[in-house]
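Novice: just to be clear, the model below is a prediction. Sequence and coordinates:
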Amino acid sequence: MNIASYRKGFDRMSVGQFFAILLVVTIWGANFTVIKLGLGEMPPILLSSLRFAFAALPAVFFLPRPRCHWKYVVGFGVVLGCIKFSLLFLGMDLGLSAGISSLVLQLQAFFTLLLGIFLLGEKVGPHRVVAMLVAFMGVGLLLFVSDGSITAIGLALVIAAAAAWGLANIIMKKAGSVQMLSFVVWASLVPPIPLFILSMITEERANLAMLPDQISWIGIGAILYLAYPVTLLGFAIWGRLLSTLPVGLVAPFTLLVPIVGMATSALVLDEDFGPIKIIAALLVMTGLLINVFGGKLIQRFSAKKRDLSRI
């Protein structure tokens with residue numbers, strides 16, 4: 001998308017749509033702090049199971065079945081719900097802070113690119129290679145943080161969660177043009193039961209009979225927040241925006257998610273961001289910016305170079 005297209009897109013964006021984008025970004029960014037609060041009251045796999053159970057019910061009775069093969073719905077539910085969110089919640093439960101989790105999870109953009117090469121035969125420009133190297137350098141730098149907010153196992157699990165999200169993106173792409181909210185809600189039917197069984201087998205704190213005595217309004221609020229604002233409201237608004245505005249105009253706003261995530265974690269959880277974290281965050285964000293805008297800048301530079309050569 002060139003500059004003229006961006007201007008045309010912004011001309012089409014109303015004030016209401018702009019604030020709707022900011023609302024979704026804020027909801028999704030604060031999501032990581034809410035997860036951390038929820039993990040303080042229940043084990044990670046049980047929290048993931050309950051999140052998807054509430055996201056699916058009762059919404060599935062009011063939304064049409066997605067118009068794609070069932071294998072994509074089930075595959076998305078398994079990869080995103082059972083694998084990605086379990087890995088994310090486990091990583092955060094095992095020591096990765098909310099702010100850093102919101103940042104590291106954005107590596108999903110690069111895993112999507114890599115999987116697109118091997119599974120879809122897509123080509124990657126040199127600017128994307130540079131973007132990946134810069135972002136992964138930033139993540140590697142996080143290993144040198146010694147304030148207790150980052151553990152190697154937690155970091156590894158959230159990186160794995162980002163890879164699973166990348167695979168889920170490929171599955172959604174293979175599903176074709178589907179209504180995003182319906183697809184996500186119907187896929188949310190898949191994770192609750194297998195995750196609940198896994199939780200009962202592996203998690204000592206996963207006792208539903210004792211849960212009412214252990215969980216406070218914070219835990220209940222965390223489940224409801226993850227299910228309704230994050231999943232239903234977020235994807236409903238986002239899907240509507242993508243259907244009415246250029247994708248290239250809306251998608252870059254997701255770059256604000258880790259910024260909101262880190263700010264929320266600092267404000268609510270008192271997470272400290274020392275020099276290493278800040279440098280690492282800048283490297284990851286720089287990589288994401290190169291990934292999103294690098295190709296357009298190269299095209300503009302090449303076009304100007306051609307124009308000058310004609311003079």
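Specialist: Received, thanks. Numbers count the residues shown, from 1 in each chain.

Novice: show me the strands in the protein, by range?
Specialist: Using DSSP state E, no strands are found in the chain.

Novice: shaky segments in it?
Specialist: 1-12, 205-212, 299, 301-311 (pLDDT under 70).

Novice: one more time with 80
Specialist: 1-13, 204-214, 246-248, 294-311 (pLDDT under 80).

Novice: so where do the helices sit in the stretch 1-150 of the chain?
Specialist: 3-12, 15-39, 44-56, 70-76, 85-93, 98-104, 108-120, 126-141 (DSSP state H, counting those that start in this stretch).

Novice: only the buried residues of stretch 170-186, if you could.
Specialist: Across stretch 170-186, burial judged by 16 or more other CB atoms under 10 Å covers 170-172, 175, 178-186. Glycine gets a C-beta too; all of them are placed from N, C-alpha and C.

Novice: let me know which of the helices of the stretch 1-150 of the chain is the nearest to residue 242.
Specialist: helix 15-39 (10.5 Å; CB to CB).

Novice: residues near residue 257, how many?
Specialist: Residues lying near residue 257 (other CB atoms under 10 Å) number 22.

Novice: return the residues in contact with it.
Specialist: 25, 28, 29, 102, 106 (CB atoms under 8 Å, 6 or more residues apart in numbering).

Novice: now do it against residue 240, distance only.
Specialist: Residue 257 is 18 Å from residue 240, where distance means CB to CB, to the nearest Å.

Novice: also residue 71?
Specialist: 27 Å.

Novice: ok, back up a step: any chance of CSV for the helices of the stretch 1-150 of the chain, columns distance to residue 158 and mean neighbour count?
Specialist: Output for these, formatted as CSV (distance: least, CB to CB, whole Å; neighbours: other CB atoms under 10 Å):
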stretch, distance to residue 158, mean neighbour count
helix 3-12, 32, 12
helix 15-39, 10, 19
helix 44-56, 12, 25
helix 70-76, 20, 18
helix 85-93, 4, 24
helix 98-104, 5, 28
helix 108-120, 10, 17
helix 126-141, 9, 18
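
Novice: so can I have CSV of those helices showing distance to residue 236?
Specialist: Rendered in CSV, the data for those read as follows (distance: least, CB to CB, whole Å):
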stretch, distance to residue 236
helix 3-12, 20
helix 15-39, 9
helix 44-56, 12
helix 70-76, 17
helix 85-93, 19
helix 98-104, 22
helix 108-120, 21
helix 126-141, 30
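
Novice: out of those, nearest to residue 197?
Specialist: With CB to CB as the yardstick, what comes closest out of the helices of the stretch 1-150 of the chain is helix 44-56 (8.8 Å).

Novice: could you check the angle that closest one makes with helix 15-39?
Specialist: 140 degrees (axes from the mean of the first three to the mean of the last three CA atoms, to 10 degrees).

Novice: other SSEs contacting helix 44-56?
Specialist: Applying 3 or more CB pairs under 8 Å, 6 or more residues apart in numbering; DSSP states H and E, one finds that helix 44-56 contacts helix 15-39, helix 85-93, helix 180-187, helix 192-202, helix 217-225.

Novice: turn these into TSV, columns for distance to residue 52.
Specialist: TSV is the format used below for those (distance: least, CB to CB, whole Å):
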stretch	distance to residue 52
helix 15-39	13
helix 85-93	8
helix 180-187	9
helix 192-202	5
helix 217-225	10
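
Novice: so which of those gets nearest residue 59?
Specialist: Using CB to CB as the measure, helix 180-187 is the one of those that comes nearest residue 59, at 4.8 Å.
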